[in-house]
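1. I need the structure of the sequence given here:
(one chain, ligands or ions: 2)
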Amino acid sequence: MNGSPGQSNVQEDTVKLEGFGERDLYQRREKIFTRYVGGFFQRLRFFTGWPLLAGYFLLPWLQWGDRQAILFDLPTRQFHILGLTFWPQDLWLLGWMLIIAAFALFTFTTLVGRIWCGYTCPQTVWTAIFMWVEQITEGERHQRIRLDGAPWNFEKIRKRFLKHAMWLGWAFLTGLTFVGYFTPIRDLAWGYLTLNFELIGTWAALWTLFFTCATYINAGWMREQVCIYMCPYARFQSAMFDKDTLIVSYDAARGEPRGARKRSEKPDQLGDCIDCQLCVQVCPTGIDIRNGLQYQCIGCAHCVDACNQVMDKLGYDPGLIRYTTEHELAGGKTHWFRPRSAGYATALIVMGSVFLWAVITRVPFEVDVLRERGQLFSQSSDGSVSNQYRLRVLNKSQQPATLSLEVDSPLPLRFSVASPISLAPVELLDLPLTLSADGKDVTTPNAEVTITVCEAVTERCDAEVTRFLGPSK
Ligand code: SF4
Ligand code: SF4
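-> Ligands and ions are numbered 1, 2, ... in the order given. Okay, here's the model as predicted:
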């Protein structure tokens, strides 16, 4: 791998076995000092990163009526998202959501490569913020390299302290906000402001600490290591790439042979690359894109902006490094519509529609019927047969509900619960239920019973099937 001072170079510990070549045993990380670069794609990142940050930090502060609009309340097992409340019974919807997210990722990766990694992945966005903090506290790339090699003195301690304090402050805000999705954020924030640990709570404090440390380490120290070694997506996304997938690529046919030159001249024997190394110096993963497509490339386009600026200064056409496809680089045309991308997109649309339909038609209450343990049935002196149950009715919505009860069975059964049943918002009622029939009507020892609960206004129903047991004839 090519390198320049302050960029990632391979430090090799090698072993030589007889009859085999040399093998690297491990690769020590060298610090990457990225150079700041502006340009079109960095401005674009501003419009993708800031909405993500604003959404993340502001959403838990939104109110919906008298509660937090988005609150995953684990102790009560209620997950509030705006006007909807989800319960553990709705976890299958989360499963659907994850599958849809996976297919969305497949679709976009097939078409536009690592657009997620380069523009909206939280690791990329938070690392960019930490790098910006580093730049305003320690200076530009050459100043940071110099500071890193300098002996410890007051100035170095001051700058490092300031950087780490700002990193930790941002990491703490990130951790607090994350925990604020699971516990009321106003109490949490007020608890931290007033140092009232009773208000914060032990678990919330521990999780805030955990997410603060995770953010500080991931975005401050590990950075590109997370993308290169820890993120599974970086490894399996190549399976979704084909020759028509958008990638950041160096146009070797135009750029080679590379070489330095005076600004005013363009020697015939040289290509457009002046070997200035700027594309390497701005790369957050420390790679040289001129060596071809590498899995470390997160598609952030820093190198595109850097090289375009060089081309501009030289009066050359932009795009020596650009978003392109393998087909286009080989002189062909990019095919946006392909069986693979069409397949992923179709699956995405179908699953998205099913998910929407499931959410819209979701029954906002639930009925559960459990047989009482012990006695199978009881028979009174007049011959009538009774079965005991527990009827659990849950109102999953934020509105009061009035539900009617119906019992459907081949036997003429009577039930003991007064219908309709009134429920407060998110109330769970646990009622004793007795089903009974005259002895002469119990013609079978085991009859199916369907208990249906319906809401009059929405006409939505939920049903549960159970058995009615009686004596053998
Ligand atoms: S920035 Fe452009 S000109 Fe400079 S080394 Fe990279 S590819 Fe060559
Ligand atoms: S090679 Fe270019 S696009 Fe890829 S990670 Fe480095 S700077 Fe970003």
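2. next, the closest residue to ligand 2 within the stretch 351-473 of the chain: secondary structure please.
-> Here the residue of the stretch 351-473 of the chain nearest ligand 2 is Gly352; by CB to the nearest ligand atom that distance is 29.8 Å. Where you see a C-beta, it was placed from the backbone N, CA and C, and this is true even at glycine. With DSSP: H, G, I helix; E, B strand; the rest coil as the basis, Gly352 sits in helix.
3. residues in contact with the closest residue in space to it that isn't next to it in sequence?
-> Distance criterion CB to CB, 6 or more residues apart in numbering; nearest residue to Gly352, sequence neighbours excluded, is Ile100 at 5.7 Å. Contacts for Ile100 (CB atoms under 8 Å, 6 or more residues apart in numbering) come out as Leu348, Met351, Gly352, Phe355.
4. tell me which residues are up against the strand or helix carrying the last one.
-> I take that to be Phe355. In the assignment (DSSP states H and E), Phe355 maps to helix 339-360. Helix 339-360 is contacted by residues 84, 93, 96-97, 99-100, 103-104, 106-107, 110-111, 240, 242 when judged by CB under 8 Å, 6+ apart.
5. tell me which residues in the helix or strand that it is followed by are buried?
-> Going down the chain from helix 339-360, the next helix or strand is strand 365-371, by DSSP H and E. Judged by neighbour count using 16 or more other CB atoms under 10 Å, the buried positions of strand 365-371 are Phe365, Glu366, Val367, Asp368, Val369, Arg371.
6. look at the closest residue to the second one other than its chain neighbours and tell me its secondary structure.
-> What that stands for is Glu366. For Glu366, ignoring the flanking residues on the chain, the nearest one in space by CB to CB, 6+ apart is Leu394 at 4.6 Å. Three-state assignment for Leu394 (three-state DSSP): strand.
7. is Leu394 in contact with Ala401, as I believe?
-> No: with contact defined as CB atoms under 8 Å, Leu394 does not reach Ala401; the gap is 9.8 Å.
8. which residues are in contact with each of these two?
-> With CB under 8 Å, 6+ apart, Leu394 and Ala401 have common neighbours Phe365.
9. those two - which one has more neighbours?
-> When Leu394 is set against Ala401 and neighbours are counted by other CB atoms under 10 Å, the residue ahead is Ala401, at 24 against 21.
10. so where do the strands sit in the stretch 351-473 of the chain?
-> 365-371, 378-379, 385-395, 401-408, 414-415, 421-423, 428-437, 446-455, 461-469 (DSSP state E, counting those that start in this stretch).
11. what's the longest one packed up against?
-> In this structure, strand 385-395 makes packing contacts with strand 365-371, strand 378-379, strand 401-408, strand 421-423, strand 428-437, strand 461-469, judged by 3 or more CB pairs under 8 Å, 6 or more residues apart in numbering; DSSP states H and E.
12. how about that strand: buried residues?
-> Buried, per 16+ other CB under 10 Å, within strand 385-395: Val385, Ser386, Asn387, Gln388, Tyr389, Leu391, Arg392, Val393, Leu394, Asn395.
13. likewise the fourth one?
-> Along strand 401-408, these residues count as buried under the neighbour rule (16+ other CB under 10 Å): Ala401, Leu403, Leu405, Val407.
14. ok, back up a step: mind checking which of the contacts of helix 339-360 land in strands?
-> Leu84 (DSSP state E).
15. wait, what's in contact with Pro267?
-> Gly259, Arg261.
16. with Phe197 instead?
-> Contacts of Phe197 by CB under 8 Å, 6+ apart are Gly191, Ala205.
17. report pLDDT for it.
-> Per-residue confidence at Phe197 stands at 89 (pLDDT).
18. over to Phe108?
-> The model's pLDDT for Phe108 equals 90.
19. apart from its neighbours in sequence, what residue is nearest it?
-> Ile115 (5.9 Å).
20. quick check on the one you found: phi, psi?
-> Its backbone dihedrals place Ile115 at phi -60, psi -40, with angles given as degrees, to the nearest 10.
21. how near is it to Glu328?
-> For Ile115, the distance to Glu328 equals 17 Å [CB to CB, to the nearest Å].
22. what's the answer for Thr137, then?
-> 42 Å.
23. how about the nearest residue to Thr325 once chain neighbours are set aside, phi and psi?
-> Spatial nearest neighbour of Thr325, chain neighbours left out: Thr334 (4.6 Å); criterion: CB to CB, 6+ apart. The phi/psi pair for Thr334 (degrees, to the nearest 10) reads phi -80, psi 130.
24. I'd guessed Thr334 sits against His327; true?
-> Yes: under the criterion of CB under 8 Å, Thr334 lies in contact with His327, with a separation of 5.5 Å.
25. list the residues that contact both of these two?
-> Asp244.
26. show me what contacts the closest residue to ligand 2 within the stretch 1-150 of the chain?
-> Nearest residue of the stretch 1-150 of the chain to ligand 2: Gly118, at 6.6 Å (CB to the nearest ligand atom). Residues near Gly118 by CB under 8 Å, 6+ apart: Arg45, Thr124, Ile298, Gly299, Cys300, Ala301.
27. ok so, going back, restricted to buried residues, select the contacts of Ile100 in PyMOL.
-> For the buried members of the contacts of Ile100, the matching PyMOL selection, counting by 16+ other CB under 10 Å, is:
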select buried, resi 348+351
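28. as JSON lines, the contacts of Ile100 with pLDDT would be great.
-> Formatted as JSON lines, the contacts of Ile100 follow (pLDDT from 0 to 100):
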{"residue": "Leu348", "pLDDT": "92"}
{"residue": "Met351", "pLDDT": "91"}
{"residue": "Gly352", "pLDDT": "92"}
{"residue": "Phe355", "pLDDT": "91"}
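29. can I get the contacts of Ile100 in CSV including distance to ligand 1?
-> Formatted as CSV, those follow (distance: CB to the nearest ligand atom, whole Å):
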residue, distance to ligand 1
Leu348, 36
Met351, 41
Gly352, 40
Phe355, 44
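30. next to ligand 2, which bits of this structure? Give me the list.
-> 248, 282-285, 287, 289, 297-303 (CB under 6 Å from any ligand atom).
31. which ones among those residues are found in helices?
-> His302, Cys303 (DSSP state H).
32. so which of the residues of the chain next to ligand 2 belong to strands?
-> Val248.
33. what does the chain put close to ligand 1?
-> Close to ligand 1, as judged by CB under 6 Å from any ligand atom, the chain has residues 250, 255, 258, 273-279, 290, 306-307, 310, 320-321.
34. sketch out the low-pLDDT regions of this structure for me.
-> Residue ranges of the chain with pLDDT under 70: 1-27.
35. which helix is the longest one in it?
-> Max-length helix for the chain by DSSP H is helix 154-179.
36. mind giving me the packing neighbours of that one?
-> Helix 154-179 packs on helix 40-58, helix 122-138, helix 185-193, helix 202-215, going by 3+ CB pairs under 8 Å, 6+ apart.
37. in that helix, what counts as buried?
-> So for helix 154-179, counting by 16+ other CB under 10 Å, buried means 159, 163, 166-167, 170-172, 174-179.
38. swap in stretch 194-205?
-> Leu199, Ile200, Gly201, Ala204.
39. quick check: the farthest pair among the contacts of Ile100?
-> Leu348 and Phe355 (10.4 Å; CB to CB).
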